[in-house]
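# here is my input; please provide its structure:
(one chain, ligands or ions: 1)
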Amino acid sequence: MPYDTQPKASHFINGAYVEDTGGTPIDVIYPATGEKIATVHAATPEIIENAITSAKKAQAAWAALSGTERGRILRRASEIMRDRNHDLSVLETYDTGKPYQETSVVDATSGADALEYFGGMAATLTGEHIQLGENWVYTRREALGVCVGIGAWNYPTQIACWKGAPALACGNAMIFKPSEMTPLCALKVAEILHEAGLPAGLYNVVQGMGEVGNALVTDARVDKVSLTGSVPTGRKVYAAAAAGIKHVTMELGGKSPMIVFEDADIENAVGGAILGNFYSSGQVCSNGTRVFVHKAIKEQFLKRLTERLGNAVIGDPMDPETSFGPMVSERQMNIVLGYIEAGKQEGARLVTGGAKLDREGYYLEPTVFADVTDTMTIAREEIFGPVMAVLDFEDEDDVMARANDTEFGLAAGVFTRDLTRAHRVAARFEAGTCYINTYNDAPVEAPFGGSKNSGVGRENSKAAIEHYSQLKSVFVRMDDVDAPF
Ligand code: NDP
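Numbering: from 1, shown residues only. I've put the predicted structure just below:
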């Protein structure tokens, strides 16, 4: 291994790396080769206790700092992240298998964006003054306390920052549990935050599977839980958090529609469909995996799509020319192969791809099915892999009803040159994050999140502040108290 991927220890607690080899070993596999690149240990009850007590102890003094002071540390951390972008991107590629071509421009950079954005916002957080005649109320925007972040495996650095940055900006402490599949990157985020001056105990990382997450979520000292994961896990975590009346943010799965009208710019629509189905080998929650294409342009769309997919450079993720990498794990690859088989069995037309690549690692071909109908499994279930389903339509009302006929509501996109139609369609989408003539842009300035079963709450933007702070009202009486006796 040309790069040292073994972390100094499994966990980062109270400002330092901590090991406890009593926990279940978790091997970290490089998806491009199947090679073991590191081993960490799941948190033992002692590690979990240590993380919660240090977070609890550090939080009050952190919340008592001014927003400017807190923000300065986050912004310093964002600069360190940008300076180390190359090393962090290489590590992200080892952790996830995503090509360096992607990780070098998306992962640490979007993490740094979140630290910079919320670092800048920390100083602007205020309550309000409400005049009531002579009397008045003022509100204090206060931290929630100890927040738990639980991450999925597709964007380990970004998720660690998207949850950590607003939590810290608002004066909370964070305990982050990465997915067991990708445990390496969040440790670097913790290291950088502390190097930037974050006091010990405010950003802790503990490793482990679902039971470690569950132990954190059910602890009475934890005030908020933010999960990025699948809908079934979201149901469990939301229910566990509800038992303790905790605040939650749930960023869950999707089966998002993308509608391409007959007047769309075909090259842009094809580009959007590629970004929304094959970036990160399709392992993106907001992907537009149900692509409704107007019958009049369907064959033209499929032709250009197939031609452009032929330009994908599939191979060594560390080669900067590579634009399409492996799936995160053998298990995920097999799940996706199962869906491809279901697509064939249920009568969808395989336009391109459909097979595992004959090479080491967990590589699948970019796969497109056409003539997909609404009831097919590949049109209903989240696949989380490089499989695009193309469905036909002719009428706007009909396609809107079909686009919205799903339990999910994470994202949706429309391609058209008709301005009025674009906004009408965006308004009619039952989804939290919509796109017009583009797909999957996720700037930190814009709220990101889902409706329906795709989640509650929003990450990024000013909206995230609402989910990491609470308002206290203070009534101030200037006249006399009017008591009945
Ligand atoms: P999972 O739902 O399997 O896991 C998510 C995280 O929750 C993991 O860290 C997992 O631990 C942990 N976990 C599992 N069970 C519990 C439990 N009972 N209590 C507490 N924590 C638990 O998702 P994946 O990691 O497989 O990620 C893929 C999913 O994430 C997809 O559905 C995708 O759509 C969604 N996603 C959503 C995004 C969004 O922003 N809306 C963004 C990215 C992904 P472990 O796996 O280590 O056991």
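
# got the residues of this structure near the ligand?
150-154, 177, 179-180, 209-210, 213-214, 217, 227-230, 233, 236-237, 251-254, 285, 382, 384, 410, 450, 455 (C-beta under 6 Å from any ligand atom). Quick note: C-beta positions are derived from backbone N, CA and C, even for glycine.

# just the buried residues of these.
150-154, 177, 179-180, 210, 213-214, 217, 227-229, 233, 236-237, 251-254, 285, 382, 384, 410, 450, 455 (16 or more other C-beta atoms under 10 Å).

# re the thing from before, show me the residues of the chain next to the ligand that map onto strands.
I150, K177, L227, T228, E251, G455 (DSSP state E).

# relative to S280, how far out is the third one?
From L227 over to S280 the distance is 19 Å, taken as C-beta to C-beta, to the nearest Å.

# tell me the one among the ones in strands among the residues of the chain next to the ligand nearest to A16.
Of all these, K177 has the smallest distance to A16: 17.8 Å, by C-beta to C-beta.

# wasn't K57 part of a strand?
No: counting by DSSP: H, G, I helix; E, B strand; the rest coil, K57 falls outside a strand, being helix.

# need the contact list for it.
Going by C-beta atoms under 8 Å, 6 or more residues apart in numbering, K57 touches G201.

# likewise for N154?
By C-beta under 8 Å, 6+ apart, the contact list for N154 reads T96, S280, Q283, V284, C285, V328.

# what packs against the longest helix along the chain?
Using DSSP state H to define each element, the chain has its longest helix at helix 100-121. Under the contact definition 3 or more C-beta pairs under 8 Å, 6 or more residues apart in numbering; DSSP states H and E, helix 100-121 sits against helix 67-83, helix 85-96, helix 156-169.

# that helix: what's the following helix or strand?
Of the helices and strands lying after helix 100-121 in sequence (DSSP states H and E), the nearest is strand 129-132.

# quick one: strands adjacent to the following helix or strand past that next one?
Tracing the chain C-terminally past strand 129-132 and defining elements by DSSP H and E, one meets strand 135-143 next. Strand pairing for strand 135-143, using DSSP bridges, gives strand 129-132 (antiparallel), strand 469-476 (antiparallel).

# how about the helices in the stretch 251-400 of the chain?
Applying DSSP state H, counting those that start in this stretch to the stretch 251-400 of the chain gives helices spanning 266-278, 298-309, 330-345, 377-380, 396-404.

# returning to what we had before: show me what counts as buried in the longest helix of the chain.
100-104, 106-119, 121.

# ditto for stretch 319-337
Quick answer for stretch 319-337 (16+ other C-beta under 10 Å): T322, S323, F324, G325, P326, M327, V328, S329, Q332, M333, V336, L337.

# which single one of those residues is nearest to the ligand?
Nearest to the ligand out of the buried residues of stretch 319-337 is Q332 (C-beta to the nearest ligand atom; 7.7 Å).

# can you pull the contacts of the closest one?
Q283, Y362, F384, G385.

# export those to a markdown table and tack on pLDDT?
Converted to a markdown table, these look like this (pLDDT from 0 to 100):
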| residue | pLDDT |
| --- | --- |
| Q283 | 98 |
| Y362 | 98 |
| F384 | 97 |
| G385 | 98 |
